[in-house]
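*Asks:* The sequence and its predicted three-dimensional model are supplied below.
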Amino acid sequence: MTPGKRQGRRLPRLWVILVGMVAGITAVVLCAVSTFFIAQYRAGMVQSARTASAQACTQAAVTVARYVRDMNEVMELVQTSMWYRSTERDEFLRDLLRVRPDVVAVTTYTEEGDLLDCWVLDHKPRDEILQNLSFDARRAAETDSYVTPPHVETIFEGYYPWVVTMASRLNGNEEADWISLDISFSTISEYISNVGIGAHGYCFLMDEEGNIVYHPQQQLIYSGLKSEDTARLAQMPDGTWAEETVIYSITGIEDSTWRVVGVSYVDELVDLSVKTMLRICLAVAFTVLAVVLGAGWVLSRILSRPLAALTAAMERFEQDADHFTYEPVAGTREVEELSDSFGHMVQRIQHLMATVREEEVNLRKTELKALQAQINPHFLYNTLDSIAWMCEQNRNADAVSMVHALARLFRISISKGHELIPIRKELEHAESYLQIQKYRYKNQLSYQFTVDESCLDCLCNKITLQPILENAITHGLDLMVEPGHIDVEVCRDGEDILFRVRDDGVGMDEEQVRHILHSEPGDRTGIGIKNVNDRLRIYFGEGYGLRIESELDEGTCVEIRMPQVREGKYETK
Amino acid sequence: MRQNKTRPAKRLILAAWAAALSLLLTSCLQTSTAGDPHKVALVVKSAETQFFLSMFAGAQAAAAEYNIDLTITAPESEEDYAAQNTLVEQAVADGAEVILFSATDYENTADAIDAAAQKGVGIIAIDSDVNSTAVASYIGTDNYAAGAMAARAALERVEGELNVGIINYGLNSANGQERERGARETLTDSGRVGVVQTINTRAEAKSAQADTEALLQEHPEINVLLAFNEPTSVGAAAAVRGLEMSDTVFLVGFDSNVDTVDDLQTGEVDALVVQNPYAMGYLGVESAYKLLTGRARELQSIVDTSTRIVDRDNLFAMDSQKALFAFD
């Protein structure tokens, strides 16, 4: 039988579906969650980076403001000292320079900007100063609080430190009109260089015009290896400005024109964390996938495998129901129930099949018995006619042998109700029949038996040969004018026994052969060839039975194949 | 059934996959901690001149930025290539992964550098090139242009005929020879040059001073002096001061030394060709870092660091200040 076509597409295996579904859902959820989370995280990180930057800047601004205030105080002290007597003043300034190493020099100038006096440790001003970068009288005149951008101290010989200069007017002093402090970056650098924002962020100090006052990487900038866009930064008001990759934080310094600029890098602060997040997400995703694969494996063990085993068992059963032995399949309860049901079904089907076969055999037996009971009456009264005619002709001896043959025929036909009889008996039966027929056909018929003696004790179904002989006589020889001949041969063919009945009658065409093998005797009585064939098959299975070869005008050969059967083996069947 | 037989194999493969993936992940999750810093050796010609001190500052700045273990060595004298070769070997022995090299001698240090390169050490030439194919990048001044620049400085500022004395250092120094070639060709092209006299002196101020004095006395017609590195400039300026010839002799020196800057203001020195050693040092270490982190393709074979002329007029211009004076 072939299973009916399934509707729609065939679904893949159960565990594949399960794994696919779980993995898919997990992937989608993870994607969504991580996208959302990372966006949130990034925003948060940017915000905190802004805050950190602003805080660092404010901190730096406070310290720098304190320093500026400090310097203003120093300036006041220095201013005051200008009214001291010269020895006291010199002593005071020398002490100051010693205590404050960041003050490089104290210098006084005239209104025109000519250098008057200079207090400095270990150096002395040049006699001829090429250009004094510390003080520009014209610029100083325009402002009250004079602070220069960074410049090199140019008034000494062999000493060129970078300084900023702050100058202040000496109101009412007789000697000098201006006093200036040249301040080195040693202290400011401490305040600024140590401010770090993130791994690479930093602070620098610039003035209102965008000149860099102090930068932790000032020399890099001076060497042209780095630059800051100070012109733009100078235009920006105080506050924190997050740009694409950089966060600028600008804070003004109290009492000063200087401003602290904090620079930090968004990517560095944020992207690192985001990368970590991504890594974690990936790790989770892969772990889930691994778990799902494991679960799939387990599921397949629990569910699919027993089902597959069951399917395999069913396929085997489908192919060979007779020899199938059922083995229970272990699995979940559902599978076991299914398996048990299948087991019951197998038992039931096999039982039914056995019953059907038995009934079939019984049916044939009954049929045979019924047929035997009414073995061709024509044959009987024809035979009796022949005997009567022999008696009339005083051919008593012939009559006697004829009666004997008839008696033997009937005795063997009945055979105490056994279905299987020794081949010896069957051949006797056949010979009796042929004997009778020979008399009847007035010696127009001749026959010959060729028998392998070793086969004689094997069993065969009774009345196997007679219907074939009858067929040979009535269909093959009856219609002939010349005498006919029948050869009966019994031999072994491997494990089987072969009966061969050959006549030299008119023969049959293929249509007739098929008809004989497949139709009931119909109008005629007696046991048909089909009946013989059916019985053999029921008893011994497919592969046994009749094979007919026939050629028109040449004759017919019927081959009967059956297994070697010894006493007792099939008798009970 | 047929599929059943192949399935356990497939599952095994899947299980192996899962195991491999989880292993990969755990290794991924371990944050890559920075290992020991890369070792880079800076082997130069001198640890005395301000030129090299400035280079060191640049190199150290970059080393700090890129977390590099930087060692700096130099021979006692700028002519002692044998000592420098030993330093190169020492650096290799000490496990340097890249050597930043400023050659005392273009030819005679080549073998030591090749030997180091053979052992897998990266070579970057800095300031002074070496005759080796192992050099991944040269970072420094375009010396021919610098020599020409010195000559042009004199040509532009001195009227009439120029009688030139060239105070050069080691004949084996590629830098000095390139500078001289640039200067000579520029001078010759101008057509205003009489005598061009070269002396080769040691790269050390005292001997440069003595040799310059001898040259000036021998060739009193000389009105232009070109000194091609820092010590020879200092020495030449001292000679000019000693002979009180600052008004008659136009001296073009090299590099920024406190002495020559002083002398520029007082007139013994009339112009300085200022190189950018800080940038050389910084870029050198940066290139070494690139070499060590698999970014060798970003390296250029020649990196020309800037050079500028400083004379009395622009001495204290902001750009000159930045170029001349180190910011500590």
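*Replies:* Looks like it arrived, so ask away. Numbers count the residues shown, from 1 in each chain, chains lettered A, B, ... in the order given.
*Asks:* Every contact and neighbour count from this point should use C-alpha atoms.
*Replies:* Will do.
*Asks:* Now for residue 177: which residues touch it?
*Replies:* No chain in the question, so chain A it is. Contacts for A:D177 were tallied using CA atoms under 8 Å, 6 or more residues apart in numbering or on different chains; they are A:108-111, A:169-171.
*Asks:* Oops, wrong one, chain B.
*Replies:* B:168, B:171.
*Asks:* got the residues of chain A near chain B?
*Replies:* For chain A, the residues in contact with chain B (CA under 8 Å from any CA of the partner chain) are A:130-131, A:133, A:151-152, A:157-162, A:218-220, A:222-225, A:279-280, A:283, A:286-287, A:290, A:293-294, A:297, A:308, A:312.
*Asks:* hang on, the earlier thing: can you put the contacts of A:D177 in CSV and add secondary structure, pLDDT and neighbour count?
*Replies:* Shown next, in CSV, are those (DSSP: H, G, I helix; E, B strand; the rest coil; pLDDT from 0 to 100; neighbours: other CA atoms under 10 Å in any protein chain shown):
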residue, secondary structure, pLDDT, neighbour count
A:T108, strand, 90, 25
A:Y109, strand, 89, 23
A:T110, coil, 88, 17
A:E111, coil, 86, 16
A:R169, strand, 87, 22
A:L170, coil, 85, 21
A:N171, coil, 83, 10
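*Asks:* Show me how far stretch A:158-166 is from its chain's centre.
*Replies:* Counting by CA atoms, centre = their mean, to the nearest Å, stretch A:158-166 is centred 75 Å from the centre of its parent chain.
*Asks:* Check what contacts that stretch and list those residues.
*Replies:* So stretch A:158-166 is contacted by A:104, A:123, A:134-135, A:145-154, A:180-185, A:213, B:258-259, B:261-262, B:325, B:327-328 (CA under 8 Å, 6+ apart).
*Asks:* wait, doesn't B:M280 sit right on B:S128?
*Replies:* No. Counting by CA atoms under 8 Å, B:M280 stays clear of B:S128, with 10.7 Å between them.
*Asks:* For these two, indicate the residue with more neighbours.
*Replies:* B:M280 (29 against 22; other CA atoms under 10 Å in any protein chain shown).
*Asks:* Which other helices and strands does the helix or strand containing the more buried one contact?
*Replies:* Assigned by DSSP states H and E, B:M280 belongs to helix B:277-292. Where contact means 3 or more CA pairs under 8 Å, 6 or more residues apart in numbering or on different chains; DSSP states H and E, helix B:277-292 is packed against helix A:218-222, strand B:38-43, helix B:50-66, strand B:98-101, strand B:122-126, strand B:135-140.
*Asks:* Nearest to A:M82, out of the ones you listed?
*Replies:* Across the helices and strands packed on helix B:277-292, A:M82 has its closest neighbour in helix A:218-222 (34.8 Å, CA to CA).
*Asks:* Could you list the alpha-carbon positions for the closest one in CSV?
*Replies:* The C-alpha coordinates for helix A:218-222 follow below in CSV (Å, rounded to 0.1, in the frame of the first residue of the first chain):
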residue,chain,number,x,y,z
GLN,A,218,53.1,72.5,24.7
GLN,A,219,56.4,71.3,23.1
LEU,A,220,54.5,69.0,20.8
ILE,A,221,52.4,72.0,19.7
TYR,A,222,55.5,74.2,19.3
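*Asks:* Quick check: buried residues in that helix?
*Replies:* Using 16 or more other CA atoms under 10 Å in any protein chain shown as the test for burial, helix A:218-222 gives A:218-222.
*Asks:* Other residues contacting that helix?
*Replies:* By CA under 8 Å, 6+ apart, the surrounding residues in contact with helix A:218-222 are A:226-228, B:58, B:278-279, B:322-323, B:326-328.
*Asks:* how far out from the middle of the chain is the helix ranked longest in chain A?
*Replies:* Assignment by DSSP state H gives helix A:14-81 as the longest helix of chain A. Offset of helix A:14-81 from its chain centre (CA atoms, centre = their mean): 42 Å.
*Asks:* ditto for stretch A:134-150
*Replies:* Offset of stretch A:134-150 from its chain centre (CA atoms, centre = their mean): 79 Å.
*Asks:* gap between B:A93 and chain A?
*Replies:* Distance of B:A93 to chain A, given as CA to the nearest CA, to the nearest Å: 32 Å.
*Asks:* circling back to that earlier point, can you work out which residues contact both of B:M280 and B:S128?
*Replies:* Joint contacts of B:M280 and B:S128 (CA under 8 Å, 6+ apart) are B:G140.
*Asks:* just to revisit the earlier point, wait, which of the contacts of A:D177 is closest to chain B?
*Replies:* Distance ranking of those against chain B, using CA to the nearest CA, places A:Y109 first at 20.1 Å.
*Asks:* Please give me every residue in contact with the closest one.
*Replies:* The neighbourhood of A:Y109, defined by CA under 8 Å, 6+ apart, consists of A:115-117, A:176-180.
*Asks:* swap the cut-off to 7 Å and go again
*Replies:* Counting by CA atoms under 7 Å, 6 or more residues apart in numbering or on different chains, A:Y109 touches A:115-116, A:176-179.
*Asks:* Just the closest residue of the stretch 401-550 of chain A to chain B, please.
*Replies:* Closest approach between the stretch 401-550 of chain A and chain B, counting by CA to the nearest CA: A:E542, at 28.5 Å.
*Asks:* Which among the contacts of helix A:218-222 count as buried?
*Replies:* Buried by 16+ other CA under 10 Å: B:58, B:278-279, B:322-323, B:326-327, out of those.
*Asks:* how about these in JSON lines, adding pLDDT and distance to A:K462?
*Replies:* Formatted as JSON lines, the buried ones among the contacts of helix A:218-222 follow (pLDDT from 0 to 100; distance: CA to CA, whole Å):
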{"residue": "B:G58", "pLDDT": "92", "distance to A:K462": "122"}
{"residue": "B:Y278", "pLDDT": "92", "distance to A:K462": "124"}
{"residue": "B:A279", "pLDDT": "92", "distance to A:K462": "122"}
{"residue": "B:K322", "pLDDT": "86", "distance to A:K462": "132"}
{"residue": "B:A323", "pLDDT": "86", "distance to A:K462": "131"}
{"residue": "B:A326", "pLDDT": "83", "distance to A:K462": "131"}
{"residue": "B:F327", "pLDDT": "80", "distance to A:K462": "130"}
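*Asks:* Which strand residues bridge A:W162?
*Replies:* Per DSSP bridges, residues listed as beta-bridge partners of A:W162: A:V152.
*Asks:* which stretches of chain B form strands?
*Replies:* For chain B, the strands defined by DSSP state E occupy B:38-43, B:68-73, B:98-101, B:122-126, B:135-140, B:162-168, B:193-200, B:224-227, B:250-254, B:271-274, B:302-304, B:308-311.
*Asks:* Out of the ones you listed, flag the one nearest B:V88.
*Replies:* The nearest among the strands of chain B, by CA to CA, is strand B:38-43 at 6.9 Å.
*Asks:* For the closest residue in space to B:V303 that isn't next to it in sequence, give me its contacts.
*Replies:* Excluding the flanking residues, the one nearest B:V303 by CA to CA, 6 or more residues apart in numbering or on different chains is B:I139, at 4.6 Å. Each residue near B:I139 by CA under 7 Å, 6+ apart is listed here: B:125-127, B:280, B:284, B:302-305.
*Asks:* Phi, psi for the residue in chain A sticking out farthest from the centre please.
*Replies:* Most distant from the centre of chain A: A:N394, at 99.2 Å, with distances by CA atoms, centre = their mean. Main-chain dihedrals, A:N394, degrees, to the nearest 10: phi 60, psi 30.
*Asks:* What's the separation between it and A:A388?
*Replies:* Using CA to CA, to the nearest Å, A:N394 is found at 10 Å from A:A388.
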